[in-house]
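Peer 1: for reference, the sequence and a predicted model appear below.
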Amino acid sequence: MTVVRPNEALTRLMLGNQRFVQHRLDNPHRDFTRIEAVAEHQEPFAAILSCADSRVIPEVLFDQGIGDMFVIRVAGNLAMMDTVASAEYAIAVLGVSLLMVLGHERCGAVKATLTGGSFPGIISTLAESVAPALKATQHQTGDRLTNVIQANVHLQLERLSRSTVAKAAMAKGQLRLVGAYYDLDTAEVQILEDRPDAGV
């Protein structure tokens, strides 16, 4: 197994985002040779808990390719039971060294929670998961939606940090937890929170 240290993993992602912003893409690992190389075995170096928004595609905005990242996508980038379990699988079985919660500008799931009202089906479960971020930002100045979106990133990162699997990996220096925010207008990713060790 190829070992990618947590600091190296974060650097790799952020350099990839710089290339994306500057229109200098490497487009790595996107050919049939790569497909054949990872067909039997995968070794992603990072896991991303991202929103399912069609405008937010981690492999593209970080200029990565097939088999490089384990991407978990759900509306509102929520750390619920299934997504936490998926993250734990990426850590314990696949050996990722970086786990990032990636929120984004104008997130529809967060906006719906902020707007309120009734939702069909079980959509309300998404709003319930975001609700604590509303309370945490009720006295903040600035753009309300942006504040709640970024608070939601912190909230979901906190939920992931409680995972016993994540804690064990962090205690060994094998995992870094990061919260980030993607700007739809500039394509830039901003780090909001960084938890490099077990002191969470």
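Peer 2: Now that the structure is in, tell me what you want to look at. Since we're looking at a predicted model, the values are computed, not measured. Numbers count the residues shown, from 1 in each chain.
Peer 1: now the strands for the chain?
Peer 2: Here the chain has its strands, by DSSP state E, at 46-50, 69-73, 98-104, 176-182, 189-195.
Peer 1: adding mean neighbour count and distance to A85, write the ones you listed out as TSV.
Peer 2: For the C-beta atoms, the positions are set from N, CA and C on the backbone; glycine is no exception. Listed next are the strands of the chain as TSV, based on neighbours: other CB atoms under 10 Å; distance: least, CB to CB, whole Å:
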stretch	mean neighbour count	distance to A85
strand 46-50	26	12
strand 69-73	22	10
strand 98-104	28	13
strand 176-182	24	16
strand 189-195	17	20
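Peer 1: among those strands, which is nearest N152?
Peer 2: Nearest of these to N152, taken as CB to CB: strand 98-104 at 6.0 Å.
Peer 1: give the pairing partners of the closest one; include direction for each.
Peer 2: Strand pairing for strand 98-104, using DSSP bridges, gives strand 46-50 (parallel), strand 176-182 (parallel).
Peer 1: run the chain-centre distance for the shortest one.
Peer 2: Between the mean C-alpha point of strand 46-50 and the mean C-alpha point of its chain there is a distance of 4 Å (CA atoms, centre = their mean, to the nearest Å).
Peer 1: that older thread, T33 is nearest to which of the strands of the chain?
Peer 2: When those are compared for distance to T33 using CB to CB, the nearest one is strand 69-73, at 18.4 Å.
Peer 1: could you work out the end-to-end span of stretch 33-46 for me?
Peer 2: Separation of the first and last residues of stretch 33-46 by CA to CA, to the nearest Å is 21 Å.
Peer 1: before we move on, the earlier item: could you dump the strands of the chain to TSV with mean pLDDT and distance to V110?
Peer 2: Formatted as TSV, the strands of the chain follow (pLDDT from 0 to 100; distance: least, CB to CB, whole Å):
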stretch	mean pLDDT	distance to V110
strand 46-50	98	14
strand 69-73	98	15
strand 98-104	98	8
strand 176-182	98	12
strand 189-195	96	14
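Peer 1: mind putting those into JSON lines with distance to N7?
Peer 2: JSON lines is the format used below for these (distance: least, CB to CB, whole Å):
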{"stretch": "strand 46-50", "distance to N7": "12"}
{"stretch": "strand 69-73", "distance to N7": "17"}
{"stretch": "strand 98-104", "distance to N7": "9"}
{"stretch": "strand 176-182", "distance to N7": "7"}
{"stretch": "strand 189-195", "distance to N7": "10"}
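Peer 1: out of those strands, which is closest to T11?
Peer 2: Short answer: strand 98-104, nearest of these by CB to CB, at 9.7 Å.
Peer 1: that closest one vs strand 189-195, what angle?
Peer 2: For strand 98-104 against strand 189-195, the angle by axes from the mean of the first three to the mean of the last three CA atoms, to 10 degrees is 130 degrees.
Peer 1: could you check the angle strand 69-73 makes with strand 98-104?
Peer 2: Using the same axes, to 10 degrees, strand 98-104 lies at 40 degrees relative to strand 69-73.
Peer 1: just the CA atoms of strand 98-104, as PDB, please.
Peer 2: The C-alpha coordinates for strand 98-104 follow below in PDB (Å, rounded to 0.1, in the frame of the first residue of the first chain):
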ATOM      1  CA  LEU A  98      -7.300  12.900   5.000                       C
ATOM      2  CA  LEU A  99     -11.100  13.300   5.700                       C
ATOM      3  CA  MET A 100     -12.600  16.600   4.400                       C
ATOM      4  CA  VAL A 101     -16.100  18.000   4.900                       C
ATOM      5  CA  LEU A 102     -16.700  20.200   1.800                       C
ATOM      6  CA  GLY A 103     -19.500  22.700   2.000                       C
ATOM      7  CA  HIS A 104     -20.200  25.200  -0.700                       C
END
